[in-house]
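J.: Next comes the sequence, and after it the predicted model I'd like to discuss.
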Amino acid sequence: MKSVVIIEDQTAVREMIAQVVDQDPTLSVIAQCGDGQEAVGVCVRQMPDLVIMDIMLPGMNGPELMRRLAKQLHGTRVLVFSGYCTPQLVREMIQAGAHGFVEKTAPLSELKNAITAVSNGGNYYGPEVAKIVHQALLNPDKSLGPSVESLTPREREIIKLIATGSTTKDVAAKLNISPKTAENHRANLMRKLELHNAAALTHFALEQGLIDRVRGN
């Protein structure tokens, strides 16, 4: 029997996923957790055959969690089940090592099919995700838009600070740079990402998994 770990911060959704998994006699849920940081430890200890995970998690965002799981759990299959399936996040999760991606708006039969396919060594993408993947293959340079991969480490720091409410003066103080330098970085970010205000930067940071969504939203 193959072991399954469910990583999802909403209890009702975790229980629903567990019920779907239990319908397959070849699978067994051995652990559930709702925090990204906790999930790393759980998975390293349990070494599951299959992980079913959300993207927006407290403790650690989905792309970072996916990268850690891929690095430490070489034989584990990973299925993403999330309400966030923007082109940027889909690309990051797949490039980080996810074997399947199903949107939460899909029927439960879709999730069941994905679980079966991924647990048996295949890949599976829900209808909306499949469209994104197909478009990316047709036009890899333009179809997915700006990505976090285009940012320098310093720019990632700055966008995180802006997205969590820091002013230009706050950014300068926290990074020990001048307000003018902080403002230049902000302007460069806006230009590089083709965004025009702090709200748009915050939305981009959330979509990219650079910041966690607020628990309960």
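T.: The structure has been received and is ready for your questions.
J.: residue ranges with poor pLDDT in the chain?
T.: Where the chain drops to pLDDT under 70, the residues are 136-150, 212-217.
J.: Recalculate using a threshold of 90.
T.: Along the chain, segments meeting pLDDT under 90 span 55-64, 67, 70-71, 74-75, 83-97, 105-106, 126-160, 162-168, 177-217.
J.: helices or strands up against the longest helix seen in it?
T.: Across the chain, the longest stretch assigned as helix under DSSP state H is helix 179-193. The contact analysis (3 or more Cβ pairs under 8 Å, 6 or more residues apart in numbering; DSSP states H and E) places helix 179-193 against helix 153-163, helix 168-175, helix 198-207. Glycine gets a C-beta too; all of them are placed from N, C-alpha and C.
J.: between those helices, which one is nearest to Glu8?
T.: Taking Cβ to Cβ, helix 198-207 is the member of these nearest to Glu8, at 17.7 Å.
J.: how much space between the closest residue to Gly83 other than its chain neighbours and Ile52?
T.: Using Cβ to Cβ, 6 or more residues apart in numbering and skipping residues adjacent in sequence, the residue nearest Gly83 is Lys104, 4.3 Å away. Lys104 sits 12 Å away from Ile52, taking Cβ to Cβ, to the nearest Å as the criterion.
J.: Name the residues contacting each of those two.
T.: Phe81 (Cβ atoms under 8 Å, 6 or more residues apart in numbering).
J.: For these two, indicate the residue with more neighbours.
T.: Ile52 (29 against 15; other Cβ atoms under 10 Å).
J.: May I see the domains of this protein written out as residue ranges?
T.: 2-138, 148-207 (automatic domain parsing).
J.: ranking the ones you listed by burial, who's on top?
T.: domain 2-138 (a mean of 18; mean count of other Cβ atoms under 10 Å).
J.: And that one, how far out from the chain middle?
T.: 10 Å (Cα atoms, centre = their mean, to the nearest Å).
J.: where exactly do the strands run in this protein?
T.: Using DSSP state E, the strands of the chain run over residues 2-7, 27-33, 50-53, 77-82, 100-103, 124-125.
J.: okay if I get the ones you listed as a markdown table plus distance to Arg156?
T.: As requested, the strands of the chain are exported to a markdown table (distance: least, Cβ to Cβ, whole Å):
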| stretch | distance to Arg156 |
| --- | --- |
| strand 2-7 | 23 |
| strand 27-33 | 26 |
| strand 50-53 | 22 |
| strand 77-82 | 21 |
| strand 100-103 | 23 |
| strand 124-125 | 27 |
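J.: Compare these and give me the one nearest Arg191.
T.: Of these, nearest to Arg191 by Cβ to Cβ is strand 77-82, at 29.8 Å.
J.: packing partners for the closest one?
T.: Counting by 3+ Cβ pairs under 8 Å, 6+ apart, strand 77-82 packs on strand 50-53, helix 62-72, strand 100-103, helix 108-119.
J.: my guess is Arg154 contacts His185, does it?
T.: Yes. The pair Arg154 / His185 is scored as a contact, 6.9 Å apart, by Cβ atoms under 8 Å.
J.: ok so, going back, what angle separates the longest helix of the chain from helix 153-163?
T.: Relative orientation of helix 179-193 versus helix 153-163 (axes from the mean of the first three to the mean of the last three Cα atoms, to 10 degrees): 100 degrees.
J.: roughly how far is helix 179-193 from the heart of the chain?
T.: In terms of Cα atoms, centre = their mean, the centre of helix 179-193 is set 26 Å apart from its chain centre.
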